Structure formats: structure tokens, C-alpha cells
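# Fold the stuff below for me.
(2 chains)
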Amino acid sequence: MPISSAAARLTKRPGSRWLTFSGIIALIVVFPVAGLLMEALKGSAGLWAHLFSTTLPVALVDTVILLLGVGVVTAVLGTTTAWMVTAYEFPGRRVLEWALLLPLAVPTYIIAYAYLDILHPIGSVQGAIRWMLGYDSPRQFRLPDVRSMTGCILLLGFVLYPYVYIPTRAMFLTQSGNLIDAARTLGISRRAVFWRIALPLARPAVAVGISLALMETLNDVGAAEFLGVRTMTVSIYTTWITRSDLPGASQIALALLLVVVALVALERWARRKQRYATDARRSRGMALQQVSAWKGMLLLFSGLIPVLLGFGAPALYLTTEAWKRYQFAGISPRILDEAVNTIAIATAATVVTIGLGLVVAYATRVRPGPKSSWLLRFATMGYAAPGTVVAIGVLIVLAGLDRFIDRTAIAWLGVSTGLLFIGSGAAVVYALTVRFLAISAGGIEAGLSRIPGSLDHASRSLGQSRAGTFLHVHLPLSRAAISAAALLVFVDCVKELPATLLLRPLNVETFATHLYGEAARGTYEEASIAALAIVAISILPVILLSQVGRSRAVAPSPIGSLQ
Amino acid sequence: MKTKSREPALRLQNICRSFGTTAAVHDISLDIQKGEVVSLVGHSGCGKSTLLRIIAGVEMAETGQVFLAGREVNGPNTFVEPEARSVGFVFQDYALFPHLTVRENILFGLKRQPKSEVGARTTDVIERVGIEHLVERYPHTLSGGEQQRVALARALAPRPSIVLMDEPFSNLDQGLREKVRRDTLSLLKSLDTTVIMVTHDPQEALSTGDRVVLMRSGEIVQAGSPYDLHDRPSSTYAADFFCAFNKVPGVYNDGRIDTAIGSFPRQLDLEPKSAATLYIRPQAIALSLDHGDLFATVEERIFHGEVEQILLKVKGLDVPLKVRTMERLPDGIDAVRVSIRSDRILIF
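Numbering: from 1, shown residues only, chains lettered A, B, ... in the order given. Predicted coordinates:
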């Protein structure tokens, strides 16, 4: 008879075990930040002064300019394209609607890598322009150098604008319909509606989108470095790699973390009125306006510009370069080796991240309340932290742990374990987990929240335990959400550069680190194949995203669609 | 076994449960005998659903004890998880598992039964509830009435010692509800099942329960037979809950109550000159054109079909008198005479 009669048991409320697990996971995520703090404080006060007088001012100014620039570019591109595909009907609109997502598949360091070569002064594009203008030497005419702040802002903007496009379009689709109709009956022209109704309503969505784009910007280490922009992220990397100065790197990382916190605060502030705008139950999209043929063409072509610049051109470039390389040398064992490494690391990190995400998300269900939701918040805060920051934190924690284990092993067993975690790639998996746990836990929690709580109670009263309910009810019903989360995490792990770069074991290369290595050296050998592979894998979530948008158009029924 | 048969199917002793600072359930004690159908009724937020969830074990009582057939399942040192309580639960939204067919939904609760009995048990419950034609379908393809029957079959399949129902008929259309309710109750009665049904609908509570328990702010206001609660409410709250009374203020004076609409003889244990209120049912007032002691003017007539509700202006009363009658007044009648059945009047 499963009567639990121990009094000790009663002091815990049901589901306490899940809460404990959730707490441990939150601790695992918080550890690197704590390590970072301690390491930064370890650096002497003189070091801080040194930092403030040398690296930091330049890095801070560059970072802020870059953030402002990327913010403006993504906001403009994201909102105008979102408005185009939701307000007007023109031939090709449906294609454009999902094609605008494609630049998401191009990581920042890859677009920078591609355009460095595409726009090289003696490359084919500039050559063609000179030929058209009748010049024959780069001395007579050349485009402004892409290796500049402006170049960096534009390139990042063209791959990051989908972060604004996606939520803004969703907002336009679901929220504005009735209000826009009301505004028009009150005598406001269709054009004025954008400024007076649609945009103010979409402001929270735009804010969310921009903040995501800016977090990606802060995370970027490749593009900025290739294009000669000395951001804080780049400074952390060089401080550690070239000067082996861990306290210095931690201090910049800490400063960067403050920038992130400011960013998050700004985003919260910008959407403080979101509650006003989310009565989505009875809303519907606004009617599409038919436009004349030539205006339709104009809309289509202007809408295709960001797609071509952010995806078309680099993809075409990478494909031809990869093809040329393949013709020339075939697929080298080195690339195959990197493929295995990339997939192994991404798979391990995905399995760990999804496993931990399930626990954290499920804890909020079996034990709803402020405790579990705070733990969820802590466990998922890694997403806002740039990869370099997480990597430095993980480095500090695991190096300490490695030293401890090594010393203990020598003292007790007389053998040295060496660098157990750092050397084995566990550090990379740890950092990736910290960074992407938000995607996993968030996605799973969203999936779970669509399952009515009465199903839990029904299952319990029909004889299933808490774990059995999870296995027989929650897992089958949230399978779609879990697989989607797993796919997103996997692809993000494949794309991830900074943490992998800093933490991979010696001589282990992934696609991303290979590309970085070649671009940093200025060689253009097999990197195009690696880059193409990353872009091809990154297209998977884009397909998933475009389908999410589509199924929403076909009135969703919460239970029916779970089938 | 002998002692067990004398035990109530369910015993609640001093159950308390609060959320934050508000007490959802406060010091509730109740015994329910085997085979009894009890309706738990009250406005939303009165704690009736919380009480049901405490009995099922999906919610915990902070203090107090719950006994199911004599076995303590919730107490200071005991908590039996819901899966080990043998309690059937029918939910307001039916809570059918959307990824399982009707048959799989019913089988869900039979995991612990011997394999040999499962088939027979499933067929039996499917036949009794009358859902043979639905077994291979998925819940979202069923109508509300069909879903309700599947939910009932699923709850009954593991032979629970008690069936708990949380507003089981509220999601059904008015026309269907009556029939489904009758069918469900006759099935439960024929199986001699102990049932607790939560409802917010006074009529439903009166027509389904062998016993009605009225709750308010986490406490029991009155428990008793449906006739007790309707005809002999012990408080103004219980009276108002089941009937829209006319309330006429009066003064008690030595064996009678004087009001604006007359004096009514009644022996009360009250000081002379103390205030008393007459509670008069709208159906207990008769209208006539030529006899009755009280004169009134018709203020408003609302025709409901079977009955008509008439509001009467009576001299000396601030609020019009509400009358429900099956008699028909001629059109255009303005002045009527009123007589009140004094034996049906309640006084508080």
C-alpha cells in the first residue's frame, strides 16, 4: 500500500523533488557568473584603472555605436518589411513572407566572411562596377571599404532584421485588424494608420525584436573582428587568447554583462504597456490592400533587397566557392573530421539542454508558484549573456574544478587527472547548455502550458504517479514542442562561435572554428564548404518558423492541433 | 470487514486550506454514506471545488483529516497520493487525453488491474455508458454530450470507491443537460456509487442530490435534504440562494408581526418591538380581481410562458412585490387584490 506515512515527507509539499532539481540546474547556470565576479574582483585595483584608461573606452564606444546602428537598421528593415507583407497584396507576397526569414540562416561571422571576399577591391563585384564605369584599376575607383563600422552595422543589420520582422509581423497579423478598421471609419487614411495605430501597437513586439538582434550583436565575435571593429566581445577574446589575462578578460566580460542588463532593462521598459495590446482572442488581421501592378512590382523588389543582400548573395557566393573547392580538391578528411566534431558537440549539448529544460519547465507545472518561476528565470538567464562572457565564466569554474580534482587525485591516488573538463570538451557542452537552456526550457514550458491542468489531475486520479503522468500524458502531448526546441538548440549549437572557440579542447575544430581560423588568417581555402554546411543546417529552423506562421492563418484549435 | 461497513464512505474532519491569506476551505466536517449522492453547491469561489480537489488528493489539506472508507488519506502524518486513493473524477472540461482514443482513455486507469479482467471491465463500462460506437474515435471529434459520457466511463472503469464530479453538466446545452443528468444519475444509482457533485446551479443541486451541502466562503452554511434546504432554510443566505424571496420588513409584537401589508400571527422568541423580516415566496402570493385583503397596482408584467412574473406596487412598501403565477390576469388590468398564504412565510 503506497501510503507515505513518514512525517518527514509531509514537511515537503508535493513536487518538492522537482523543485530541488530545478534549483540545482539554476545553480549550475549561475555558477559561471559567480566565477566571473570572483575572478574580476581578484584583479587588482590597478588593473581596473588600467582597463579604464586603455581597452575599455574604445571598446565601449565601438560597442555602443554598433548597437545603435544595428538597432536602427534592424528596426527600419524589420518593421517596413513586416508592414509590406501584412498590409498590401501583390504577386509574390506569400513567397516574400517566408523568404524574408532566410537571412536568419546566415550567422554574423559568415556574412562578414562572405562579403569580405565579395566586395574585395580586386574581387569580381568591384571589377564589374569598374568595368561598367570605364575604370580599369582599383586605384582609380573603389567602393568604401567594407572593413569599417558602417560595413559592420549594415552587414549585421541585413542578417539580424528578421528578429524584428518576425514578432512585428505577428503583431500586425493578430492585433491590429479591428482597431485599424475602427481608425479608418474615424477618417484616418490607410497610410496614416501605419504611424498612428499599427506602429504604436507593435511597439512592444519591435522592442523585443530589437533587443534580440542586439543580443546577437553583442554575442558576435567573428564579424566584428574580421571587419576591424573592436567591440567589447572582441576585446574579451583577445585579452584572454593573446594576453592570457583571465582577470582582465573577466573584467571586460563583467562590464559587457552590465551592457546586457541595461539592454534587458530597456526592453522591459519599452514594452511596459504590452498588457494593453494583447487582447488577441477576438482579433483578426487587417484586410490586405490590392495595389496596382507596377506598385506591386516595386513592393516585391524592395522587399527582396534584404533577402538578396542578407541571404541570396552570400549563399550564392558560398555555393560557387564551395563548388570550386570541391572540384579542385574534393572533400578533405579534415572537413569530415570537423563535421563529426560539430555534430557530436551539438548533439551532446542538445541532449543535455533538453533534459535540463524538461526538468525546469516541468517543475513550474507540478509546483506552480513564485519559487519555481524564479528558478526558471535564473536557469534561462544565460541566453542574454554573450557567448564570450559565458565561456570565460565556465572557464573559471571548470578550471578551478579541474585543479581541485587533479590535486585530490594526486594526493589520494598518486595520479594526475590533468584537465578533466576543459580537456574533454565538457566545457563546451557546459557553456552551450548555459547559453541555450532558455530556448529549451521556454519552448517546453510553452508546450506544457497548452495542456490543461485537469489532464494532470485526471491522470493522477486514474492511478498514474507524477512521473507516470509526465511519461504518458505530458510527453506525448508536448512532443512537437520538445522536438522544435531540440532542433532550435541543435542548430544554435552548430552556429555558435565564441564559446566553442574559447573552450574547445586543443586541436578540435568545428565548422565554425575552422571558418574563423581561415578568416582570421585571411586564407580562403575550405572555409566556404564549412560555411555552406552551417548555412544549410541553419535553414532548418527557418522552415519551421515559416510553417508556424502558416498554421496560425488556419485557425488553430488548441486540442485538435495537439493530435 | 465488519467495521468497514459501518464506516462512512467519506469522512471529512475539520478540513482547512488557504491560499495566501484567504481561507478557501475553513474547518469543514462532513460524513457521506456509501451510495449517497451529495451535491456541493455555492457561488464561485466558495471553496467547493477546492474541497473536491482535497478529497481527490490533487490538493492538500493544511489541517484536518480525510478518511475514505475508514482509511486516513490526508492527516497530520499522512498523505496518500491521488493515484492510490481509488477516487474517480469527472472534470468540468472532461479532461480527456487528446492523444488517446476513447478506448485508450478508458484503459488509462486500468493499468493496475489484472490483465485478464481489463477486457471484460472495459466492455462492461463501455456498454453501461452506451458509447460502443465511439471507442475508436479521438476526443476532439466527439460532441459535448459524448465527451461527458466518455469522461464518466473513464472515471468509473477502475471501480472507484467514490466518484467526484466538478460541474459535470455545465458545458452542455440546456436541452441536452437535463437528459444527460438524468441518465448519469440513474447509472450511478444503479451501480450504488457514492457521488459528490459540485455545482453552482441551485436547481441542479436540488434535483440531483440525496443531500445538498450549501457552502459560502469556505464554510458549510447548511446541509440536509433538498426539501430542507429549499423549504426550511436555516439562514437568510440559504433562503436567498435557492429562491428570490420578497422581503417585507416588520415589527414583532406579542405573537404577530406587523407590516405594511398586514399582520401575520406567529410565535417568536423575540423581544417585543424588535425587527423581523418576512420572506415571502413569489409563488405564495395569489392575485384576484374580487377578493383579497390587500390592494395593489400592476407595475410590470414579464411573461415567461408557463408562469408570469408580475411586479406589484403596494402602498407602504418601497420595493415592489414580486409575484409568480400561473393564473392569467386580463389584459389592461391595473388594480388587483392580493392574498398571501401565511403558512408558507419564513421569518428572519
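
# now A:G228: how far from chain B?
55 Å (C-beta to the nearest C-beta, to the nearest Å). Bear in mind the C-beta positions are built from the backbone N, C-alpha and C, glycine included.

# ok, which stretches of the stretch 401-550 of chain A are strands?
Along the stretch 401-550 of chain A, no stretch is classed among the strands by DSSP state E, counting those that start in this stretch.

# from what I can see A:Y383 touches A:F436, true?
Yes. Using C-beta atoms under 8 Å, A:Y383 makes contact with A:F436 at a distance of 7.0 Å.

# for the stretch 151-300 of chain A, what are the low-confidence residue spans?
A:175-178, A:273-286 (pLDDT under 70).

# How about chain A?
Looking at chain A by pLDDT under 70, you get A:1-14, A:43-47, A:175-178, A:273-286, A:548-563.

# which element is the most centrally placed residue in it on?
For chain A, the residue nearest the mean C-alpha position is A:E216 (6.0 Å; C-alpha atoms, centre = their mean). Using DSSP states H and E, A:E216 falls within helix A:199-219.

# Check the offset of that helix from the chain's centre.
Relative to its chain's centre, helix A:199-219 lies at 13 Å (C-alpha atoms, centre = their mean, to the nearest Å).

# Please apply the same query to stretch A:146-161.
On C-alpha atoms, centre = their mean, the centre of stretch A:146-161 falls 17 Å from that of its chain.

# cool, stretch A:413-423 as well?
For stretch A:413-423, the distance to the chain centre is 34 Å (C-alpha atoms, centre = their mean).

# how many neighbours does B:G35 have?
The tally of other residues near B:G35 (other C-beta atoms under 10 Å in any protein chain shown) stands at 14.

# hang on, B:S18 packs against B:M60?
No. The criterion here is C-beta under 8 Å, and B:S18 misses it with B:M60 at 11.5 Å.

# what about the helices in chain B?
B:2-6, B:48-56, B:102-107, B:115-129, B:144-156, B:174-190, B:202-208, B:226-231, B:236-242 (DSSP state H).

# coming back round to it: who's more crowded, A:Y383 and A:F436?
Higher neighbour count among A:Y383 and A:F436: A:F436, with 27 against 18, using other C-beta under 10 Å.

# these two touch, right, the more buried one and A:D492?
Yes. With contact defined as C-beta under 8 Å, A:F436 and A:D492 form a contacting pair (5.4 Å).

# The stretch 51-200 of chain B against chain A: which residues are in contact?
B:53, B:56-58, B:60, B:76-85, B:87-89, B:91-93, B:95-99, B:108-109, B:111-112, B:138-140, B:154-155, B:158, B:160, B:164 (C-beta under 8 Å from any C-beta of the partner chain).

# Quick one: buried ones out of those residues?
B:53, B:56-58, B:78-85, B:87-89, B:91-93, B:95-99, B:108-109, B:138-139, B:154-155, B:158, B:160, B:164 (16 or more other C-beta atoms under 10 Å in any protein chain shown).

# and these, which of them are in strands?
B:78-79, B:87-89, B:164 (DSSP state E).

# in the stretch 51-200 of chain A, what residue is nearest chain B?
Nearest residue of the stretch 51-200 of chain A to chain B, counting by C-beta to the nearest C-beta: A:T174, 23.1 Å away.

# so how far is B:L214 from A:V415?
In this view, A:V415 and B:L214 are 76 Å apart by C-beta to C-beta, to the nearest Å.

# More neighbours: these two, which one.
For A:V415 versus B:L214, neighbours defined as other C-beta under 10 Å are more numerous around B:L214 (27 against 9).

# what about the strands in the stretch 51-200 of chain A?
Using DSSP E, counting those that start in this stretch, strands in the stretch 51-200 of chain A cover A:88-89.
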